[in-house]
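prediction below, plus the sequence it came from.
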Amino acid sequence: MQVGFKALADRYRIALAQPLRVESVIATTRMSHESNGRVERKYPISYQPSDDFAGHFEFGLKYEEIHLEFFARLFAAVGPAPVEAWCRQTPFGQYARRTGFLYEWLTGLHLDVPDVTNGGYVDAVSSQHYLTRVEPLRIRRWRINDNLPGVPAFSPLIRRTEAVQEALQFDLGAALRELNQTFGADILMRTASWLTFKESRASFLIEREADKADRIQRFAHVIAKYCGYIEDPLSSESLHTLQTGILGEEALGLGLRRSPVFVGQATMREDIVHYIAPQYEVLTQLLDGLKAFELATRGAESLARAAVIAFAFVYIHPMRDGNGRIHRFLINDTLIRDNAVPDGVILPVSATITSSIDFRARYDRTLEVFSRPFMQRYAASYRFGELVVYEDGTRSNLAFDDYEDALYAWRYPDLTEHVLYTAQVVAHTVRTEMADEARVLIIFQRAQERLKEVLEMPDQDANRIIRSLKENGWQVSGKLRKAYPQLEIAHLAERAVEAVRSAFEEQDPGSGDK
């Protein structure tokens, strides 16, 4: 017999954009099996709940997972009556109280039941199993500690799975201090300066625009100037500033979009839709909800906050263009604001994403954790029809029929996998990408110094010679001899090659050999 939330979903025909992960049934023995992100649980007959709303919902709260999209849709379908009946029957029971609170919180409606006057306060959700707000709000009516991480307009869910908890154990500050001790503060800051540009270039590579040199420079400037400094980064004014810096002042339709948008790809025959973003009329309330999450979770794990803020932003997709780059900007911006990284240090997360096929594929798969089931749910809800010119100048023929229904999913996304991915990317970035860049900088600096002992020259010329010798297998090319006639002298050329080569072949700090 099916029990719990899945039983209620089937009974009330609740169609979700984010499927329930857990399905519970009454069987002869207790067991749990997880496969491909789905969990099947069996319980003995002693666990069987009453076959009504209260019985199945209480079972779900006890043994299954919180699912705010499901709760919101279910409450809209059943109305207040079964919740009111349950609250009157067991007015002091914690599960009835939590359900009454959740009903009013998600629907904005007032249940026709008296306030709870006795009993201790209980948490709305378990802080052991979910990311919660740092300072719970005491709701006297239900004697509930509202520790949900957001507000009804937007509240993401992050499950503290074993993998997530392990990933969040990464001590970013300690890892950066270790880099500092290994390579020195000066090298780390000089590395950070180069990584700002590298992050910009890699971010454009993700957008498949790696050849846009001027835009790469602009984004690098935006990162350096605004990361950790721009006031209220999720406000429409700040987003306009960031977008202008990324795209240029001549770009069309700057600011919050006033048109429909989808993420997809064009073919010769038609556009393929991978994801449809929220209706532009609700952008402000979703962004305000995301800002409320940021405020409520200050002091919580920075890696989790950075992941939620960045990925939620890209799903809201509030701009016509530049959403992806702002999304990755927000990761660094949040970490700097949380003092998880020092001022001036930019983590090249985009460089990590593009550093391997695995990281890039996982980035796409992480985005699809929400977008793929969302589009499966609304596969029959969109079409391309008559071309319309919208307020922001966008010409679009996209028509989507279920904006109001889809708002349940946009408001309450499960971003657990996004936190896991971001934490792992940041750990790899510091341990590998930044350490490698610091080693390269030290080697290059050493090669410069040794080359100048042979031939005194400006840094720019030394850099050109070093790169040429490295690329040509420690041989002086004819082009290099022509540019620097001193290298026509055999003994000077030999000494120059040996000076540079020795710098590259010498043991480097932090390389692992002691």
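Yep, it's here. Numbers count the residues shown, from 1 in each chain.

rest of the way, CA atoms for contacts and neighbours
Noted.

mind checking the SS state of the residue nearest to F219 when sequence neighbours are not counted?
Nearest residue to F219, sequence neighbours excluded (C-alpha to C-alpha, 6 or more residues apart in numbering): I246, at 5.0 Å. Under DSSP: H, G, I helix; E, B strand; the rest coil, the three-state class of I246 is helix.

per-residue pLDDT of I246, please?
I246 carries a pLDDT value of 88.

quick one: contacts for it?
R215, R218, F219, V222, G322 (C-alpha atoms under 8 Å, 6 or more residues apart in numbering).

I'd say the second one and G245 touch.
Put plainly, it is R218. Yes. Between R218 and G245 a contact is recorded at 6.2 Å, counting by C-alpha atoms under 8 Å.

quick one: classify E386 as helix, strand or coil.
Here E386 is recorded as strand under three-state DSSP.

gap between the spatially closest residue to it that is not a sequence neighbour and V261?
What sits nearest to E386 in space, not counting adjacent residues and going by C-alpha to C-alpha, 6+ apart, is N397, at 5.2 Å. Distance of N397 to V261, given as C-alpha to C-alpha, to the nearest Å: 10 Å.

quick one, which of the two is more surrounded?
Between N397 and V261, counted using other C-alpha atoms under 10 Å, the more crowded position is V261 (22 against 14).

which non-adjacent residue is nearest the more buried one?
Leaving aside its sequence neighbours, V261 sits nearest to A277 (C-alpha to C-alpha, 6+ apart; 5.9 Å).

what helix or strand does L398 sit in?
Element membership of L398, judged by DSSP states H and E, is strand 395-400.

show me what counts as buried in the next helix or strand after that strand.
Moving toward the C-terminus from strand 395-400, the next helix or strand (DSSP H and E) is helix 403-411. For helix 403-411, burial by neighbour count (16 or more other C-alpha atoms under 10 Å) applies to Y403, A406, L407, Y408, A409, W410, R411.

tell me which of those residues is nearest to E453?
Nearest to E453, judged by C-alpha to C-alpha, of the buried residues of helix 403-411 is W410 at 62.2 Å.

would you agree the closest one is in contact with I316?
Yes. The pair W410 / I316 is scored as a contact, 7.4 Å apart, by C-alpha under 8 Å.

what touches both of the two?
In terms of C-alpha under 8 Å, 6+ apart, W410 and I316 are both contacted by the residues P278.

what sits against E281?
R258.

secondary structure class for it?
helix.

ok, now how distant is it from T416?
Applying C-alpha to C-alpha to E281 and T416 gives a distance of 27 Å.

P342 now?
26 Å.

ditto for L480
Remark: distance between L480 and T416 (C-alpha to C-alpha) = 54 Å.

could you do P91 as well?
In terms of C-alpha to C-alpha, P91 sits 33 Å off from T416.

repeat that for A77.
A77 is 27 Å from T416, where distance means C-alpha to C-alpha.

which element is A423 on?
Per DSSP H and E: helix 416-428 holds A423.

name the next helix or strand downstream of that helix, please.
Under the assignment DSSP H and E, the closest C-terminal helix or strand after helix 416-428 is helix 435-454.

tell me what that following helix is packed against?
helix 172-183, helix 185-206, helix 459-471, helix 490-505 (3 or more C-alpha pairs under 8 Å, 6 or more residues apart in numbering; DSSP states H and E).

still on that earlier bit, L480 and T416 - which one has more neighbours?
T416 (23 against 16).

does that one really touch P156, like I thought?
No. Contact status for T416 versus P156: not in contact, 9.0 Å apart, counting by C-alpha under 8 Å.

phi and psi next, for E84.
The phi/psi pair for E84 (degrees, to the nearest 10) reads phi -60, psi -40.

for G60, what are its contacts?
Contacts for G60 were tallied using C-alpha under 8 Å, 6+ apart; they are G4, F5.

and the gap between it and S24?
Going from G60 to S24 by C-alpha to C-alpha gives 9 Å.

quick one: what helix or strand has I336 in it?
For I336, the element it lies in under DSSP H and E is helix 323-337.

could you export the helix or strand following that helix as CSV, CA atoms only?
As assigned by DSSP H and E, the chain's next helix or strand after helix 323-337 is helix 349-353. Below are the C-alpha coordinates for helix 349-353, written out as CSV (Å, rounded to 0.1, in the frame of the first residue of the first chain):
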residue,chain,number,x,y,z
VAL,A,349,35.5,28.8,-10.8
SER,A,350,34.7,29.1,-14.5
ALA,A,351,38.3,27.9,-15.3
THR,A,352,37.7,24.8,-13.2
ILE,A,353,34.3,24.2,-15.0
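
now do helix 349-353: distance to the chain's middle.
How far helix 349-353 lies from its chain's middle: 13 Å, per C-alpha atoms, centre = their mean, to the nearest Å.

which residues touch it?
198-200, 202-203, 206, 328, 359-360, 363, 425-426, 428-429, 433.

again, 7 Å this time
K198, E199, A202, S203, F359, R360, Y363, V425, V426, T429, E433 (C-alpha atoms under 7 Å, 6 or more residues apart in numbering).

tell me the one of the residues you listed nearest H67?
H67 lies nearest to Y363 out of those, by C-alpha to C-alpha, at 23.7 Å.

ok, and the closest non-adjacent residue to that closest one?
I353 (6.9 Å).

confidence score at the one you found?
I353 is assigned a predicted lDDT (pLDDT) of 88.

from I326, how far out is it?
As defined by C-alpha to C-alpha, I353 lies at a distance of 15 Å from I326.

neighbours around the nearest residue to D414 once chain neighbours are set aside, how many?
Counting by C-alpha to C-alpha, 6+ apart, the nearest residue to D414 once its immediate chain neighbours are dropped is L157, at 4.6 Å. If you count neighbours by other C-alpha under 10 Å, L157 ends up with 22.

L157 contacts P413, doesn't it?
Yes. Assessed by C-alpha atoms under 7 Å, L157 is found in contact with P413 at 6.2 Å.

using PDB, list the CA coordinates for stretch 454-468.
Extracted as PDB, the C-alpha positions of stretch 454-468 are listed here (Å, rounded to 0.1, in the frame of the first residue of the first chain):
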ATOM      1  CA  VAL A 454      72.500  36.800 -19.100                       C
ATOM      2  CA  LEU A 455      70.900  39.700 -21.000                       C
ATOM      3  CA  GLU A 456      69.500  42.800 -19.300                       C
ATOM      4  CA  MET A 457      66.100  43.700 -20.800                       C
ATOM      5  CA  PRO A 458      62.600  44.900 -20.000                       C
ATOM      6  CA  ASP A 459      60.100  42.400 -18.600                       C
ATOM      7  CA  GLN A 460      58.000  42.500 -21.800                       C
ATOM      8  CA  ASP A 461      61.000  41.300 -23.900                       C
ATOM      9  CA  ALA A 462      62.000  38.700 -21.300                       C
ATOM     10  CA  ASN A 463      58.500  37.300 -21.400                       C
ATOM     11  CA  ARG A 464      58.500  37.000 -25.200                       C
ATOM     12  CA  ILE A 465      61.900  35.200 -25.200                       C
ATOM     13  CA  ILE A 466      60.700  32.800 -22.400                       C
ATOM     14  CA  ARG A 467      57.500  31.900 -24.100                       C
ATOM     15  CA  SER A 468      59.300  31.400 -27.500                       C
END
